[in-house]
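Engineer: for reference, the sequence and a predicted model appear below.
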Amino acid sequence: MGSKAGELAREQAYFDLAHKQREQSRAALDEATRAAAHGGAAAGIRRDASALQSQLGSPGDQVAFGRFDHEDGERWYVGSHLILDDEKNVLVINWKLPAAAPFYKASHRDPLGVTLKRTFECTGNTIDDFVDVLFSQVALDGDGPDGSLLRELSRSRTGHLRSIVATIQAAQYDLIRAPLDQVLVIEGGPGTGKTAIALHRVTWLLYNHPDRLRAADILVVGPNPTFTHYIRTVLPALGEQEVLQRDISLLAPDVRRGRPEALAVARIKGDAGMATVLARALRSRVGSPESAERLQIGSSFLTLPGADVAQAVVSCKNTPGPYAQRRARLRDLIIRLVEERGGHLTGGNPSLDNLVERLWPQLTPQSLLSSLFGSRDRLLAAAGDDYSAEEIMLLRRRSADRLSEEVWSRDDLPLLDEAAFLINGQPERFAHIVVDEAQDLSPMQLRSIARRSSTGSLTVVGDIAQSTGVWARDAWDDVLASLPETLPASVQSLRYGYRVPRQLYEFAAQLLPIAAPGVTPPVVVRDGPALPGIHRVDPDERAGRAVSLALAHSEEFRFVGIICTGESRVEVETALAANGVVWSSADRGELGRAINLVSPHEAKGLEFDAVIVVEPEEIVADDERGHRLLYVALTRTVGYLDIVCVGDPLPLRPVTPGTEPETETPFDPALIEKVAAAIALRIRAQVPPAQHDDVLAELRRLLQE
Ligand SMILES: Nc1ncnc2c1ncn2[C@@H]1O[C@H](COP(=O)(O)OP(=O)(O)OP(=O)(O)O)[C@@H](O)[C@H]1O
């Protein structure tokens with residue numbers, strides 16, 4: 001038996017022992033549940049036992065994913081659950097315990113007393129292999145990615161993000177464990193692990209703050225249903241079944257969706273000033289009484305002086321609280337006025353109902369918005385000094401004949417949510433909220449999130465270089481300004497890119513000086529299998545080539561994304577259908593198993609083994625920050641990247657649809673400054689400080705040549 005085989009057998013024996021102990025604990029918990037079959041205590045015991053059982057995972061789970069040996073002779077196995085033997089000795093520690101920190105934090109530069117870190121690859125509880133890192137006291141020249149991370153990164157992708165608990169890197173681990181009481185912004189380039197880290201942070205916080213957080217206290221918000229679907233298996237895999245994961249549109253009332261929206265309208269609807277507009281619109285719905293109000297009570301009539309009724313209305317207007325609650329209060333005040341005059345109201349009274357409805361009409365979020373958008377006068381009155389008549393009139397639209405037939409746009413949804421808040425009051429709140437792809441959210445969307453925070457504790461995830469759309473951001477301050485400010489905020493960057501292989505990232509990063517000059521590109525940790533494939537084709541070959549490339553990748557069992565928009569999208573769909581290819585479209589809310597058609601906006605946060613980007617110029621033209629959108633598209637790949645185009649495979653100048661690019665570009669000093677700043681940032685990020693001067697001198701020489 002070779003030494004590795006011997007070591008494998010020894011480790012397997014340990015795994016078997018830990019497995020046996022774990023299953024004994026499970027059996028004991030089963031026994032406790034059965035023993036408590038009677039009496040009132042039974043339900044409580046069963047609940048506690050099943051909570052403890054869920055902390056043990058499933059019988060088929062591997063007991064550990066790692067081990068580390070300390071120079072003082074101690075050896076610790078690290079897994080998803082704490083496992084003890086009969087004498088209460090620890091066989092495996094839970095990765096969320098502080099004792100597991102050296103497994104993640106030890107490095108060649110600072111081994112923290114760790115001599116060996118071992119990462120196991122298992123099928124169930126059977127160890128297939130392990131990868132060792134031997135920490136040396138001799139300082140090596142760096143901490144490159146270890147073998148277990150590289151193996152993990154090279155695994156084929158599916159339609160779901162995976163747990164990375166065995167290979168969390170030191171800087172990522174620090175963010176997972178960062179204090180709860182803050183707004184933590186995790187930023188970083190594509191594939192630096194922001195989403196994975198935010199989700200692992202959820203389980204870490206739950207484990208380490210049991211007194212303050214239960215799973216039901218946490219909300220994870222994603223940008224769209226496809227993304228939420230993509231990430232939804234990570235938390236359950238980490239043992240958290242109960243955390244609510246929602247795409248942002250689901251925070252709004254349940255209405256018919258799908259109305260397209262012009263950019264100028266979307267911009268106004270997303271603006272924080274709309275909160276004041278809606279509050280004004282709601283207030284203006286409250287009416288004034290006549291000089292005397294006559295009510296029929298039974299067979300007689302009773303007259304209330306208008307001044308008394310008006311006073312009741314003013315008092316309700318000035319009372320804080322939701323509109324519906326104040327309406328109920330107005331009704332009570334009017335009943336009191338009736339009783340003061342000797343009237344007795346028993347049961348329902350239509351004339352009272354009519355009066356209350358005239359003074360304080362019953363409204364739903366939909367009826368408030370629909371009547372506002374449908375009326376010139378209401379819009380002008382609600383605009384106040386916040387919007388010009390021209391701006392507010394952009395919102396005007398014909399209401400549907402029936403409210404239930406109204407179709408709402410994505411930009412209407414946060415307005416409906418705001419209206420629901422104003423009318424019905426506070427929605428369910430959460431003690432910690434994770435917001436992913438936060439860089440694109442409008443102030444009104446951020447308000448929707450902010451009002452659901454009970455503590456001000458948030459984890460906000462995103463990348464400025466990928467910020468596109470109407471609310472494209474250049475700094476986090478704009479996002480933070482719309483979030484709760486009760487707790488301090490801190491922006492933490494992840495530096496290493498794990499998804500995109502070096503050759504492909506370097507290609508995409510050429511866009512950065514134009515797309516996001518202030519952003520430092522990530523340092524990529526690995527090489528990929530191929531250079532980008534650039535396929536310049538005739539217009540009539542474009543879709544066919546994209547489809548044949550997709551099929552070729554798919555035949556190699558690669559998970560494929562075709563990213564395109566506009567004309568190419570229509571062509572590609574036709575070509576897929578004509579070739580009898582089975583594909584999934586990301587706009588249907590989830591990815592398929594093999595070939596997926598994805599718009600560049602939908603592609604955010606997703607990844608594929610092979611990506612085919614069709615007509616980059618069209619993608620650039622699809623957004624005001626189109627170079628960022630193309631950067632997103634090019635950075636979705638874990639392995640292969642093909643670009644199929646008639647035009648420029650990497651348009652580095654703004655392209656406006658319908659116009660030919662100029663043949664001669666005059667020197668733009670601002671652009672040159674941006675490029676120089678971006679090069680300087682890259683040098684700072686990738687070259688040790690001592691060599692900065694030499695590298696800059698060499699660069700200067702090359703530029704002069
Ligand atoms: N420590 C790690 N171990 C293994 N895989 C990792 C690690 N960190 C990141 N990854 C992998 O890298 C890929 C990118 O991670 P993730 O989607 O979290 O990145 P991101 O920064 O959110 O990207 P984007 O900005 O594109 O949304 C995923 O496949 C993830 O599993």
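Structural biologist: Now that the structure is in, tell me what you want to look at. Everything quoted here is computed from the prediction, not taken from an experiment. Numbering: from 1, shown residues only.

Engineer: mind jotting down where the strands sit in the stretch 1-150 of the chain?
Structural biologist: 66-70, 75-79, 83-84, 90-94, 114-123, 126-134 (DSSP state E, counting those that start in this stretch).

Engineer: cool, and the stretch 251-400 of the chain?
Structural biologist: Using DSSP E, counting those that start in this stretch, strands in the stretch 251-400 of the chain cover 257-259, 292-297, 300-305.

Engineer: where in the stretch 351-500 of the chain is pLDDT low?
Structural biologist: Residue ranges of the stretch 351-500 of the chain with pLDDT under 70: none are present.

Engineer: around Thr228, how many other residues sit close by?
Structural biologist: 22 (other Cβ atoms under 10 Å). (Glycine included, C-beta is placed from N, CA and C.)

Engineer: kindly report the same for the one 4 residues further on.
Structural biologist: Neighbourhood size, Arg232 [other Cβ under 10 Å]: 17.

Engineer: isn't it up against His160?
Structural biologist: Yes - proximity of Arg232 to His160 meets the contact threshold set by Cβ atoms under 8 Å, at 7.4 Å.

Engineer: check what contacts stretch 562-571 and list those residues.
Structural biologist: Under the contact criterion Cβ atoms under 8 Å, 6 or more residues apart in numbering, stretch 562-571 has outside partners 542-543, 546, 550, 572, 583, 595-600, 603, 611-615, 618-619, 621-622, 633, 636.

Engineer: go with 6 Å
Structural biologist: 543, 546, 550, 572, 597-600, 603, 612-615, 618-619, 622, 633 (Cβ atoms under 6 Å, 6 or more residues apart in numbering).

Engineer: same check, this time on stretch 418-431
Structural biologist: 213, 217, 219, 253, 275, 278, 282, 322-324, 363, 365, 368-369, 451-452, 454-455.

Engineer: one more time with 8 Å
Structural biologist: Contacts of stretch 418-431 (Cβ under 8 Å, 6+ apart): 212-213, 217-219, 244, 251-253, 274-275, 278-279, 282, 321-325, 363-365, 368-369, 417, 444, 447-448, 451-455, 457.

Engineer: list the contacts for the closest residue to the ligand within the stretch 151-300 of the chain?
Structural biologist: Using Cβ to the nearest ligand atom, the single residue of the stretch 151-300 of the chain nearest to the ligand is Gly193, 3.1 Å away. By Cβ under 8 Å, 6+ apart, the residues touching Gly193 are 164, 169, 172, 494, 498.

Engineer: rerun that using 10 Å as the cut-off
Structural biologist: 164, 167-169, 171-172, 175, 186, 200, 494, 496-499, 522 (Cβ atoms under 10 Å, 6 or more residues apart in numbering).

Engineer: again with Asp254
Structural biologist: Contacts of Asp254 (Cβ under 10 Å, 6+ apart): Leu416.

Engineer: got the phi/psi numbers for it?
Structural biologist: Dihedral pair for Asp254: phi -80, psi 100, per degrees, to the nearest 10.

Engineer: which among the contacts of stretch 418-431 are in contact with the ligand?
Structural biologist: Of the residues in these, proximity to the ligand by Cβ under 6 Å from any ligand atom holds for none.

Engineer: so of the residues you listed, which ones are in helices?
Structural biologist: 274-275, 278-279, 282, 323-325, 365, 368-369, 417, 444, 447-448 (DSSP state H).

Engineer: next one: stretch 60-68 to chain centre, how far?
Structural biologist: Relative to the chain's own centre, stretch 60-68 is displaced by 29 Å; criterion: Cα atoms, centre = their mean, to the nearest Å.

Engineer: that one: end-to-end distance?
Structural biologist: 23 Å (Cα to Cα, to the nearest Å).

Engineer: list the contacts for Gln362?
Structural biologist: Residues near Gln362 by Cβ under 10 Å, 6+ apart: 285, 323-324, 327, 353, 356, 423.

Engineer: and the contacts of stretch 562-571, which of them are in helices?
Structural biologist: Those of those lying in helices (DSSP H): 543, 546, 550, 572, 618-619, 633.

Engineer: between these, which is nearest the ligand?
Structural biologist: Using Cβ to the nearest ligand atom, the ones in helices among the contacts of stretch 562-571 come closest to the ligand at Ala633, 10.8 Å.

Engineer: that closest one and Val613 touch, don't they?
Structural biologist: Yes - using Cβ atoms under 10 Å, Ala633 is in contact with Val613, at 4.9 Å.

Engineer: give me the common contacts of those two.
Structural biologist: 508, 561, 563-564, 600, 603, 619, 641, 643.

Engineer: in the residues you listed, which residue is surrounded by the most others?
Structural biologist: Going by other Cβ under 10 Å, Ile563 tops the shared contacts of Ala633 and Val613 with 34 neighbours.

Engineer: report the beta-bridge partner residues of it.
Structural biologist: On the basis of DSSP bridges, Ile563 is bridged to Val598, Val613.

Engineer: what pLDDT does it get?
Structural biologist: Predicted confidence (pLDDT) for Ile563: 98.

Engineer: ok, it to the ligand distance?
Structural biologist: 13 Å (Cβ to the nearest ligand atom, to the nearest Å).

Engineer: what's around Ala100, how many residues?
Structural biologist: 20.

Engineer: identify the residues contacting the closest residue to it other than its chain neighbours.
Structural biologist: What sits nearest to Ala100 in space, not counting adjacent residues and going by Cβ to Cβ, 6 or more residues apart in numbering, is Val78, at 4.9 Å. Val78 is in contact with 64-68, 92-97, 99-100, 102-104, 117-120, 165-166, counting by Cβ under 10 Å, 6+ apart.

Engineer: quick check on these: which are buried?
Structural biologist: Buried members of the contacts of Val78, scored by 16 or more other Cβ atoms under 10 Å, are 64-68, 92-96, 100, 102-104, 117-120, 165-166.

Engineer: wait, which of the contacts of Gly193 is closest to Ala264?
Structural biologist: Here the nearest of the contacts of Gly193 to Ala264, counting by Cβ to Cβ, is Ile186; it sits at 32.5 Å.

Engineer: OK, contacts around that closest one?
Structural biologist: Contacts of Ile186 by Cβ under 10 Å, 6+ apart are 172, 175-176, 178, 192-195, 197-198, 201, 434, 436, 438, 459-463, 490-494.

Engineer: next: Ala198.
Structural biologist: 175-176, 184, 186, 220, 231, 234, 434-436, 459-461.

Engineer: at 8 Å what do you get?
Structural biologist: Counted by Cβ under 8 Å, 6+ apart, Ala198 has contacts 186, 220, 434, 436, 459, 461.

Engineer: and the nearest residue to Pro350 once chain neighbours are set aside, bridged to which residues?
Structural biologist: Nearest non-adjacent residue to Pro350, counting by Cβ to Cβ, 6+ apart: Gln296, 7.8 Å away. On the basis of DSSP bridges, Gln296 is bridged to Phe301.

Engineer: also Leu494?
Structural biologist: Bridge pairing for Leu494 (DSSP bridges) gives the partners Gly188.

Engineer: how close does it sit to Ala312?
Structural biologist: 58 Å (Cβ to Cβ, to the nearest Å).

Engineer: for the longest helix that the chain contains, packing partners?
Structural biologist: In the chain, assigned by DSSP H, the helix with the most residues is helix 3-35. The contact analysis (3 or more Cβ pairs under 8 Å, 6 or more residues apart in numbering; DSSP states H and E) places helix 3-35 against helix 41-54, strand 75-79, strand 83-84, strand 90-94, strand 126-134.
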